[in-house]
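# when you get a sec, could you give me coordinates for this:
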Amino acid sequence: MLPLGADTLELGPDVAVRDVRLRQTPAHAVEPETVRARPGDVVRFIAADPRGYAVAFDTAALTPEARQFLERTGQLRGPPLVATGAAWVVSLEGAPAGAYAFRSLTADARGLLLVQAPAPAHP
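Numbering: from 1, shown residues only. Sure thing, here's the model as predicted:
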């Protein structure tokens, strides 16, 4: 279960939630700077203070497959996060493996989401 304000999202047993905290501290504006996930996981970008944040994936640095996935799923850019604890959840269901560079536009900080290839199925 993933709490989302007054709602909750039920996740499958193999789904991991990867948190990325956003703050104005220059040394750790995006923490962690590198996030590792698998297709099917979710990444939650969380405002760690009330200053307001906007997060977007760097379209120039994405592979065509990653960009198409984010465009198709409407996840190239998140909504404004205007309160402490506000979150944007990105679903990686069906995401191609690869590097997904992102930016905290308001803190002028960068991070990297590494989506690992799914493990091969065992017969």
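# contacts only, for the residue nearest the centre of the chain.
The residue lying closest to the centre of the chain (C-alpha atoms, centre = their mean) is residue 43, at 3.9 Å. Neighbouring residues of residue 43 by C-beta atoms under 8 Å, 6 or more residues apart in numbering: 17, 18, 19, 20, 35, 37, 89, 90, 92, 113. Yep, even glycine has a C-beta here, placed from its N, CA and C like the rest.
# which of the residues in the host helix or strand of it are buried?
For residue 43, the host element (DSSP states H and E) is strand 42-47. Using 16 or more other C-beta atoms under 10 Å as the test for burial, strand 42-47 gives 42, 43, 45, 46, 47.
# next, format these as CSV and append distance to residue 54.
Output for the buried residues of strand 42-47, formatted as CSV (distance: C-beta to C-beta, whole Å):
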residue, distance to residue 54
42, 19
43, 16
45, 10
46, 13
47, 10
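# which of the residues you listed lies closest to residue 106?
Ranked by distance to residue 106 (C-beta to C-beta), those are led by residue 47 at 9.6 Å.
# check that closest one and give its pLDDT.
Residue 47 carries a pLDDT value of 94.
# name whatever forms a beta bridge with it.
residue 22 (DSSP bridges).
# so it makes contact with residue 22?
Yes. Counting by C-beta atoms under 8 Å, residue 22 is a contact partner of residue 47 at 5.5 Å.
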